[in-house]
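1. Sequence and predicted structure below; questions after.
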Amino acid sequence: MDLLPSEKINAARIQGRHASATVSGRRRSGFLLGNRFVYSDKAGLLWLQAEPGEFCGLRIWRK
C-alpha cells in the first residue's frame with residue numbers, strides 16, 4: 001500500500017469507479033482506477049493505494 005499525493009486522489013474521484021474491496025482483512029470503500037484500488041482511512045485524511053494482489057473481494061457499485 002502506498003500513500004497518494006492529492007493530484008492522484010482527485011483523478012481517482014473523477015475517473016475511478018466506486019467500489020468496495022477487502023484490504024488486509026478489512027472491508028474498505030473507495031475507487032477502482034485501472035487495476036489499483038484507492039481508498040481513504042476512517043478519518044478521510046490519508047488516501048492509500050492497494051496494488052493487485054493486496055486486495056480481494058472487489059465489488060463495483062452501480063450508479
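-> Received it, and whenever you're ready, just let me know what you need. Numbering: from 1, shown residues only.
2. Give the buried residues for the helix or strand harbouring residue 29.
-> Here residue 29 sits within strand 26-33, counting by DSSP states H and E. Along strand 26-33, these residues count as buried under the neighbour rule (16 or more other Cβ atoms under 10 Å): 28, 30, 31, 32, 33. Backbone N, C-alpha and C define where each C-beta goes, glycine included.
3. where exactly do the helices run in this structure?
-> Under the criterion DSSP state H, the chain carries helices at the ranges 6-15.
4. low-scoring stretches of it, by residue?
-> Judged by pLDDT under 70, the chain has its weakly predicted residues at 1, 63.
5. mind putting the buried residues of strand 26-33 in CSV, distance to residue 60 included?
-> What follows is the buried residues of strand 26-33, written out as CSV (distance: Cβ to Cβ, whole Å):
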residue, distance to residue 60
28, 14
30, 11
31, 10
32, 6
33, 12
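6. And the residues you listed, which is closest to residue 44?
-> Minimum separation from residue 44 among the buried residues of strand 26-33 (Cβ to Cβ) is found for residue 30, which lies at 11.0 Å.
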